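Chemist: Pasting a predicted model and its sequence here:
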Amino acid sequence: MQPAKDRLDLGRRWRPALLSYFLRRVRDHAEAEDLTQELIAKLLKHESPDFVAPEAYIFQMASNLLADRARRIKVRAQYRDMVGRTEDAGVDPLDPFRVAAGRAELSSLAKAVAALPERTRAIFILYRLENLGQDKIAETFGISVSAVKKHVARAMAGVMREMRNPQ
């Protein structure tokens, strides 16, 4: 580990040059300060600061930090654009709570439909899920269209009752 005096000298020696280097490239004083501090912290982590060409090494590290910064900015901008497009399209972002709640509700619906009498369940599924017309369902089951309507109404009432009062 470097003595405290050597570490302090490292910061004093390179801070102005690095700050100037970063300021010319990012044109934001706070960002230049952050980059300078980050680079000095990385330099201080090294056991031996005795480099053959310290200027070249330090400024190569500075260049790499700028490249990392540019990549981060690009990725964040792409993410913001993507999020903005989904918000503009009226798409709600999925979160784990909504997924879990949706699965629980779907499970309740499946149980409610399964609890219906067999014939009523079949008519309900054909009408609501398969989008088959009431006249076709009536013909298939050999019953009147009004009987199909009554089965669908009973099924809807039963499903709604089960969904409102799950057991």
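Modeler: Arrived safely. This is a predicted model, so every value here is computed, not measured.
Chemist: where in this protein is pLDDT low?
Modeler: Residues of the chain that meet the criterion pLDDT under 70 lie in 1-7, 47-52, 86-93, 166-167.
Chemist: hang on, V148 packs against I137?
Modeler: Yes: counting by CB atoms under 8 Å, I137 is a contact partner of V148 at 4.9 Å. In short, each C-beta sits where N, CA and C put it, glycine included.
Chemist: which residues do those two both contact?
Modeler: With contacts defined as CB atoms under 8 Å, 6 or more residues apart in numbering, the residues shared by V148 and I137 are I123, Y127.
Chemist: Show me where the chain has its helices.
Modeler: Taking DSSP state H to define them, one finds helices in the chain at 4-26, 29-45, 54-88, 96-114, 118-124, 134-141, 145-164.
Chemist: ok, and for the fifth one, which residues are buried?
Modeler: Meaning helix 118-124. Using 16 or more other CB atoms under 10 Å as the test for burial, helix 118-124 gives T120, R121, A122, I123, F124.
Chemist: how much space between the fourth one and D81?
Modeler: As for I123, its distance to D81 is 48 Å (criterion: CB to CB, to the nearest Å).
Chemist: And for the last one?
Modeler: When CB to CB is applied, the distance between F124 and D81 equals 44 Å.
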